[in-house]
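[1] Sequence and computational prediction follow.
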Amino acid sequence: MKKLTDIEKEKISKKALKDKIYLQDLIENLCKDCDERWFSFQVLNYISDKYPEYLYHKWDYFAELFKSGNSYTKYATIYILANLTKADTKNKFDKIFDDYFGELDTKRTITAAQVAYNAGKIAKAKPHLQDKIINKLIDIEEVHKGKQKELIKGYAISSFSKYYTFFNDKEKILKFVKNQLNSKSPSTKKRAKDFLKKWDKFES
């Protein structure tokens, strides 16, 4: 499966934004078992990030796909819905908060990891949900039912790091990250060290 460059994504996105039928085809491909599915996701993920106002009217559709139970559409809509929170003037995300972050409470590693990875993006767009989001991420050890808890914590750290300046309760985040210095996952331990060097002047 080909990974599109940003230049290609921009070019295709502009075409889709001018052609509503083409855009709809891309959207419908998300729930089809076809070769175009990965291509369509890359373009829609780009549009929802760069031009969220053009896809916000499809919020309810993406929210239903998220609940569908299909692992691929769930994965795709985790990204798209997080991107669309930037345009969520009607606070629709509030209504699906429990379902979205409920993925952290399951056995599914991939979707839980991607929710953790996209959480900071949502926290930036929805400051009133920050406390709930932080608590969800730092409780991964207690709530996640799968075996890859340490891996998911690493994704949470990456999310915290990327959007750290937008969080209010930085002390709670710092405490969580410092606790991961003893993680059994080498990648999570490294992310914790990198985070602290960047944000806490940490010296290993």
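    It's in.
[2] Give me the secondary structure label for the residue nearest the centre of the chain.
    With the centre of the chain defined as its mean C-alpha position, the nearest residue by C-alpha atoms, centre = their mean is residue 118, 2.2 Å away. Under DSSP: H, G, I helix; E, B strand; the rest coil, residue 118 falls in the helix class.
[3] same check, this time on residue 32
    From three-state DSSP, the assignment for residue 32 is coil.
[4] pLDDT value on it, please?
    You'll see residue 32 listed with a pLDDT of 81.
[5] Relative to residue 131, how far out is it?
    According to C-beta to C-beta, to the nearest Å, residue 32 and residue 131 sit 39 Å apart. All C-beta spots, glycine's among them, are computed from the backbone N, C-alpha and C.
[6] ditto for residue 64
    28 Å.
[7] Would you map the helices across the protein?
    6-18, 20-29, 36-50, 59-66, 71-84, 93-101, 109-125, 130-138, 140-143, 149-162, 170-179, 186-199 (DSSP state H).
[8] Need these in CSV (columns: mean pLDDT).
    Putting the helices of the chain into CSV (pLDDT from 0 to 100) gives the following:
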stretch, mean pLDDT
helix 6-18, 97
helix 20-29, 95
helix 36-50, 96
helix 59-66, 96
helix 71-84, 95
helix 93-101, 97
helix 109-125, 97
helix 130-138, 96
helix 140-143, 94
helix 149-162, 97
helix 170-179, 95
helix 186-199, 96
